[in-house]
Every structure is written in C-alpha cells, then in structure tokens.
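1. here's my sequence, what's the structure:
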Amino acid sequence: MIFGIFTYLEMEQTIKSEILKKLEIVAKLKEKNFQDVFEQNNEKLNLVSSRYQLKVELDKYNNNSSSNDNKLSSQKIMNEILNAIKPEITRFEDIIILDLAGRVVASTNDTYLGTLHTNDTYFIEGKKQNNVTILYKDMGQTLKSYLTGPLILNNKLLGVVTIFYNLGDLLSMFKVFEEQVATGEINLVKKDGNGDALIINPLRFAPNASLNLTVSKDKVDTPIIQSLLKNEKIFSDAKDYRGVDVLAVTRYLENLGWGLVVKMDKVEAFTPLENLKYVTILSGILVGIAIIITSKFLGNSVSKPIQKLRDIMNEVAHGKYDTKIDIKGPQEIEELAKQLDVMRNNISNTNTHLNELVKERTEKIENAMSNLKEKEEALEESNQNLLVANEKLSLQSKIQRDFINITAHELRTPIVPIITLTELLYSKIEKENKAQKTLSKENEKKQEFLQVILRNCYRLYRLTEDILDVTKIESQTLKLNKEIVELNEIIENVVNDYKEIISKKRYGSDQIRIVYYPSKENIFVNADKGRVTQVLSNLLDNALKFTKEGDIIIKTKKIKENEEIMVSIKDSGTGIDPDILPQLFNKFATKSEQGTGLGLFISKNIIEAHGGIMEGENNSGNNGSTFYFTLPLWIPTKTIENGE
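-> Predicted coordinates:
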C-alpha cells in the first residue's frame with residue numbers, strides 16, 4: 001500500500017510538472033501575441049495621426065473662426081482624407097477628428113459630426129499621448145477598442161484623432177487554446193478604478209464576463225490578482241475566480257499594465273491518476289488482510305517463507321516488478337504467494353498502462369502546443385503578407401487614379417477651345433452657304449468635314465468627363481450637390497436639347513422623334529440637377545445611337561405609394577445584345593464602336609448614390625429596349641395653414 005501511495009504521488013508530481021511546463025509555454029506565446037497586437041494597433045494609429053495634410057487642414061479649420069466657407073472647405077478635405085484611409089486598414093470601423101473643445105469636426109460617419117465628447121475618456125487620454133488600451137462594448141456586447149492620440153503640428157496640439165477598432169483578431173487568440181484543452185482558459189485582466197481586477201475577455205465559463213466580472217483586490221492568493229501585482233509565477237495549488245482548484249501560470253504585460261493567466265482545472269489534469277488511486281487502495285486492503293491471516297494462523301512455523309516473501313515484496317516496492325513470487329511452504333503461504341504475484345502483475349500492468357497514458361497525454365499536449373505555435377506563426381505571417389499586399393495595392397491604385405485624373409484633365413483642357421472654334425467656323429460657313437444661291441461643292445465639303453470634327457470632339461470631351469467620373473466613383477469621392485428641383489423641367493430641357501441635335505443630323509438621321517409625356521403635376525426631388533441631367537443625356541444618347549428611325553418615348557410614374565418616381569426611356573432600335581445584357585452596367589460593357597461602355601456604369605452609380613435603382617431590358621418582339629430608373633420623391637414635412 002505504501003508503494004502504491006508512493007507511486008501515485010510520484011506520478012501526480014510528474015503530470016503536474018509536465019502540464020505546468022506546457023501552460024508556461026502557452027503563457028509566453030500569448031504574452032508576445034497580445035503585445036504584438038497592441039503594438040500593431042499603435043502603428044495603425046500613427047499611420048492616421050502622422051498624415052501631414054490632415055493636420056494642416058485641422059489647423060486651418062481651428063484658425064478660420066470668421067470664415068465659414070473656409071472651415072467647410074477644410075472639413076471637406078479632412079473627411080476625404082479619412083475616407084481614403086479607412087479602407088486601407090482592416091478592422092477600422094470609424095475615424096473621428098475632435099478639436100480642442102472635444103467637438104467632432106471630421107469623420108468617416110456623418111452622424112458623429114458636431115457631437116461633443118469633452119468628458120469622454122478617449123478624448124481626455126488622446127490629448128496626452130497615444131493610447132490603444134481603452135476598451136468598450138458596443139450595442140451587440142462585442143468587445144472593441146478606441147485607438148486615440150493627439151494631432152500635433154509644429155509642437156502645437158491641434159486636436160485628437162480617435163479610431164473605433166474591432167478586436168476580432170485579439171479575441172480569436174483565446175479560442176485556439178480553449179479548443180485544445182477541455183477546461184483550459186485564458187484570463188486577460190486590468191485594474192479598475194477601485195484597484196480590483198476587471199476581466200477583459202469573454203471566458204469559457206462566463207461568456208458575459210468581459211468588462212463586467214471583477215475579482216476583489218483582497219484575494220491576493222488568486223492567480224488573477226498575483227498577475228496584476230507583477231508576480232510571474234507557477235501555481236500548482238490555487239483557486240480561480242469560480243473557487244475551482246486549478247493549475248495556473250501568470251504573466252504581467254508591462255507595456256499595457258495588464259495581467260495574463262493561463263490555467264486548466266486540476267480534475268482534468270489528474271484524470272489519468274484516478275485508476276491508480278483505486279488500484280492502490282484495493283492492493284493495500286488485500287495485502288493487509290493477507291498479513292493478518294498469515295500472522296494469526298501460521299505463527300513462527302511460517303516465518304521463513306514470510307521473510308522471503310517480504311524480501312520479494314520489498315523489491316517490488318522499489319520498482320522491480322520482474323521478480324516472480326514463487327514461495328514453497330504451507331499451502332496457505334503458497335496460496336498467499338500466488339495472490340501476491342497476481343497483485344504484482346496487476347501493479348506492473350497498471351504502472352505500464354499509467355506510463356502509457358501519461359506519455360499519450362503528454363504527446364497530445366505537445367502536439368497541441370506545436371499546432372498552436374504553427375498556427376500562430378502562420379497567422380502572423382499571413383497578417384504581414386496581407387499588410388504588405390494591401391500597401392502595394394493601395395499605392396498602385398493611387399498611382400493609377402492619379403495618372404487617369406491627370407490624363408483626363410490634360411485631354412479636356414485643349415478640347416474645349418477646339419470645340420468652340422470649330423463651332424464658330426461651322427456657323428460661319430453655314431451662314432455663307434445659306435447666303436449663296438447655289439451651294440458650291442467645296443463649301444458643302446467644308447461643312448461636312450466640320451460636322452465630323454465636331455462629332456468626334458464631342459465624343460472625346462464626353463470620354464474625358466466619363467473617365468473623371470469613373471475615377472471619382474471608384475475612389476468613393478463622387479459628391480452630389482443636392483437641391484429641391486422639378487423633374488419635369490429637367491427632362492423637358494434635355495429633350496429639347498436632343499431634338500435640336502437630331503435636327504442637325506448629328507446622329508446620322510432626322511427620322512427619329514423624341515416623345516415625352518410630362519406629368520400633369522409637379523414632381524419634386526432632392527437631387528443633383530447636373531447629375532440627373534447627365535443620366536438622362538447618357539440614356540438618350542444610347543437610344544439615339546441604336547435607333548435609325550421611329551419614336552423614343554419618355555414617361556414618368558409614381559411608385560411605392562407615391563414615395564418614388566420612375567422614369568422610363570423606351571426606344572425602337574436594335575435592342576441590347578444578349579451577350580452584353582448580363583454585364584450591362586459594368587465598365588466597358590459594349591460591342592459598339594461608337595461608345596466606351598462607361599455611360600451606363602456612371603449613370604447607375606449616380607442613381608444609386610441618390611438612393612434609387614437603374615435597370616435595362618429588351619422590349620418584347622426584339623423591338624428596341626427600355627431603360628428605367630427611380631428617385632425618391634421630395635415630400636414636405638409640414639403644411640402651412642393656407643395649404644401651401
């Protein structure tokens with residue numbers, strides 16, 4: 001029995017030592033991972049706060065107290081800079097810029113503009129220095145972080161930048177360990193205002209513990225409090241926040257001022273020892289009974305066999321399980337020897353089985369730790385590769401947009417005077433031709449050539465405008481100058497312009513008729529008049545290109561219980577090519593030599609920016625096509641007493 005107890009205690013110590021070593025390895029890995037995450041967050045914050053143009057515009061905004069137009073211009077530029085930064089870094093949810101009074105002056109989310117945050121922690125701390133450890137929970141109880149810091153230009157504090165950051169990458173680190181160990185748990189803690197330990201992360205046994213559960217600072221024997229006291233220790237006999245016996249390892253994250261605890265329940269750790277415990281108890285009982293019976297009934301006549309038996313059992317007690325118990329003597333002694341030999345075999349088999357269990361358990365833990373380390377390294381490498389790739393893509397995208405912008409602007413500059421001068425020359429020759437009784441072939445040719453020049457100049461001018469619009473759409477900088485406008489008036493103006501163009505045979509035929517059925521009542525929309533005109537012009541231009549003769553019909557109709565207006569343009573031309581139809585509104589989706597395939601892409605994005613939709617389809621019987629789009633109607637919120 002003593003041997004069994006000794007073996008049990010020895011195996012308990014071995015298992016405890018091996019598990020604590022594994023927990024210590026996990027603690028070191030997690031300590032590095034958490035510090036790396038917050039160092040990366042600090043770098044992301046610096047990426048925003050170091051933008052020189054952002055600080056210059058904030059300084060202008062602060063100093064232009066008397067000029068509202070200048071302040072709005074600076075605010076617009078700051079918003080554009082923030083909106084350009086936000087997609088470059090994953091897990092950025094929103095970015096706000098606060099002036100020295102704590103008021104939001106720029107943001108990726110317009111709902112924050114003008115709000116006051118003087119007493120908020122991220123504003124107070126952000127004025128002092130960069131801080132990436134301010135945590136909060138959103139409406140969905142998801143743990144998130146404020147990344148906040150000062151905006152300084154020429155050693156002068158201008159304001160504070162604050163980033164609303166998703167901590168999904170941090171929370172994922174806890175799950176890997178918990179998936180490998182049934183009762184494994186990682187506790188990340190910090191001190192609250194009372195000096196107690198506040199749990200930061202959701203826990204396996206308390207999913208709602210994040211920023212809610214606290215452990216009293218008076219419980220100094222618990223691993224959680226020890227971690228905040230900067231005691232990096234191994235606990236072989238401790239109780240966690242539930243009062244459950246655990247094995248634990250603590251670490252202190254110096255840069256963050258946080259404590260880290262990696263632990264598992266003792267019950268799980270010592271499960272392999274349960275069988276050995278029962279075998280030891282049973283063996284002790286059997287040995288005790290055997291000794292009492294032998295001593296009572298055999299006495300001195302059996303002392304020698306017993307002595308020999310004792311010597312063999314001593315060898316067994318010292319781990320020599322190979323010595324067979326074969327004692328000659330009275331029948332009772334021989335029987336006892338046989339029973340003890342059976343017990344020896346059982347102990348030997350149990351010891352072998354226990355060693356195999358310990359070895360198997362150790363290998364599983366080592367494999368789990370190895371897999372964990374490989375996954376962490378692969379994750380870190382993937383993050384680095386993604387960061388590098390994102391930076392390269394951002395740079396290439398910026399270079400491409402800048403090149404297209406510059407090229408389009410440079411093309412547009414000479415086109416305008418060419419169009420103007422050509423129109424003047426065309427008007428002059430047209431007047432001369434009308435003045436002459438007999439039209440000479442030379443003047444007729446001149447007029448025809450000038451028409452070709454004008455047609456291609458208009459086409460080139462439209463192309464440069466389309467390229468600039470595509471660039472704005474893709475960079476999300478397309479701005480709408482909305483106002484309350486009357487839609488019938490806009491449509492009639494566009495129709496009249498194109499009727500004049502048709503009369504000049506600019507589309508090669510004057511056998512096309514544009515028919516517009518205006519609404520009997522005024523249709524008011526809150527829209528950008530120029531952009532809506534551009535959409536109508538694009539759709540009419542497409543209809544005229546593919547219609548040689550017949551009618552182009554424009555109609556308006558209220559839909560969705562008079563909350564939206566639908567405008568339809570139906571032509572009697574060649575219709576939409578079936579190959580183009582699935583990708584009709586994509587860039588460069590065209591088989592026509594007369595167009596670039598940008599007009600419909602731009603038009604759809606303009607309508608969607610207004611909150612509407614755009615669709616296109618072929619008419620029944622292969623007789624032309626119909627395009628339609630919707631816009632929200634403007635409805636007055638109040639009615640004056642006289643009914644206006």
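2. going forward, measure contacts between C-alpha atoms and count neighbours the same way
-> Fine.
3. where do the strands sit along the stretch 151-300 of the chain?
-> Counting by DSSP state E, counting those that start in this stretch, the stretch 151-300 of the chain has strands at residues 156-166, 185-191, 197-199, 214-215, 234-239, 245-253, 258-265.
4. hmm, which helix or strand of this protein has the shakiest average pLDDT?
-> Ranked by mean pLDDT, DSSP states H and E, the weakest helix or strand in the chain is helix 273-298, scoring a mean of 67.
5. CSV for the strands of the stretch 151-300 of the chain, including distance to residue 572, mean neighbour count and mean pLDDT?
-> Shown next, in CSV, are those (distance: least, Cα to Cα, whole Å; neighbours: other Cα atoms under 10 Å; pLDDT from 0 to 100):
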stretch, distance to residue 572, mean neighbour count, mean pLDDT
strand 156-166, 54, 22, 93
strand 185-191, 70, 23, 92
strand 197-199, 70, 24, 94
strand 214-215, 74, 18, 94
strand 234-239, 83, 17, 90
strand 245-253, 74, 24, 93
strand 258-265, 73, 26, 92
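6. so which of those strands comes closest to residue 77?
-> Ranking the strands of the stretch 151-300 of the chain by proximity to residue 77 (Cα to Cα) places strand 156-166 first, at 15.3 Å.
7. mind listing what the closest one pairs with, with the direction of each?
-> strand 92-99 (antiparallel), strand 143-153 (antiparallel) (DSSP bridges).
8. let's see the shortest one as CSV, backbone CA atoms only.
-> What follows is strand 92-99 as a C-alpha-only set of coordinates in CSV (Å, rounded to 0.1, in the frame of the first residue of the first chain):
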residue,chain,number,x,y,z
PHE,A,92,-11.2,50.2,-38.8
GLU,A,93,-14.9,50.8,-38.2
ASP,A,94,-15.0,54.7,-37.9
ILE,A,95,-12.4,57.5,-37.5
ILE,A,96,-13.2,60.9,-35.9
ILE,A,97,-11.3,64.1,-35.5
LEU,A,98,-12.0,66.2,-32.4
ASP,A,99,-11.0,69.8,-31.9
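9. give me the contact list for it.
-> Contact with strand 92-99 is made by 58, 62, 82, 86, 104-109, 112, 123, 158-166, as judged by Cα atoms under 8 Å, 6 or more residues apart in numbering.
10. show me the contacts for the residue most central in space within the chain.
-> By Cα atoms, centre = their mean, the chain has its centre lying nearest to residue 91, at 4.1 Å. By Cα under 8 Å, 6+ apart, the contact set of residue 91 is 165-168.
11. mind putting the strands of the stretch 151-300 of the chain in JSON lines, distance to residue 475 included?
-> Output for these, formatted as JSON lines (distance: least, Cα to Cα, whole Å):
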{"stretch": "strand 156-166", "distance to residue 475": "21"}
{"stretch": "strand 185-191", "distance to residue 475": "40"}
{"stretch": "strand 197-199", "distance to residue 475": "42"}
{"stretch": "strand 214-215", "distance to residue 475": "46"}
{"stretch": "strand 234-239", "distance to residue 475": "54"}
{"stretch": "strand 245-253", "distance to residue 475": "41"}
{"stretch": "strand 258-265", "distance to residue 475": "41"}
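12. can you say which of these is nearest to residue 589?
-> Among the strands of the stretch 151-300 of the chain, strand 156-166 sits nearest to residue 589 (Cα to Cα), with 38.1 Å.
13. ok, residues contacting that closest one?
-> Against strand 156-166 from outside (Cα under 8 Å, 6+ apart): 45, 48-49, 55, 58-59, 62, 91-100, 102, 122-123, 126-127, 143-152.
14. give me that answer again for 7 Å
-> Applying Cα atoms under 7 Å, 6 or more residues apart in numbering, the external contacts of strand 156-166 come out as 49, 58-59, 91-100, 123, 126-127, 144-152.
15. where along the stretch 451-600 of the chain do the strands fall?
-> Using DSSP E, counting those that start in this stretch, the strands found in the stretch 451-600 of the chain span residues 483-486, 512-517, 524-527, 550-559, 564-570.
16. give me the pLDDT for the residue nearest to the centre of the chain.
-> At residue 91, the model reports a pLDDT of 77.
17. could you point out the longest helix of this structure?
-> The longest helix of the chain (DSSP state H) is helix 331-435.
18. packing partners for that one?
-> helix 273-298, helix 441-474 (3 or more Cα pairs under 7 Å, 6 or more residues apart in numbering; DSSP states H and E).
19. in the longest one, what's buried?
-> When neighbours are counted by 16 or more other Cα atoms under 10 Å, the buried residues of helix 441-474 are found to be 447, 450-451, 453-454, 457, 461-464, 466-473.
20. quick check: mean pLDDT of it?
-> Averaged across helix 441-474, pLDDT comes to 75.
21. surely residue 133 forms part of a helix?
-> No - looking at residue 133 with DSSP: H, G, I helix; E, B strand; the rest coil, it is strand, so not inside a helix.
22. number of nearby residues for it?
-> By other Cα atoms under 10 Å, 18 other residues sit near residue 133.
23. what do you get for the one 5 residues further on?
-> Residue 138: 9 surrounding residues under other Cα under 10 Å.
24. show me the beta-bridge partners of the spatially closest residue to it that is not a sequence neighbour.
-> Of all residues not flanking residue 138 in the chain, residue 144 sits nearest, at 7.1 Å (Cα to Cα, 6 or more residues apart in numbering). The bridge-partner assignment for residue 144, based on DSSP bridges, gives residue 136, residue 166.
25. contact partners for residue 192?
-> Counting by Cα under 7 Å, 6+ apart, residue 192 makes contact with residue 198.
26. where does the stretch 1-150 of the chain have low pLDDT?
-> Residue ranges of the stretch 1-150 of the chain with pLDDT under 70: 1-8, 66.
27. er, the stretch 401-550 of the chain actually
-> For the stretch 401-550 of the chain (pLDDT under 70), the answer is 401-412, 437-440, 459, 504-510.
28. test my guess that residue 613 contacts residue 628.
-> No - look at residue 613 against residue 628 with Cα atoms under 7 Å: they stay out of range, at 8.4 Å.
29. how about the strands paired with strand 156-166 in TSV, adding distance to residue 588 and mean neighbour count?
-> Converted to TSV, the strands paired with strand 156-166 look like this (distance: least, Cα to Cα, whole Å; neighbours: other Cα atoms under 10 Å):
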stretch	distance to residue 588	mean neighbour count
strand 92-99	33	22
strand 143-153	42	24
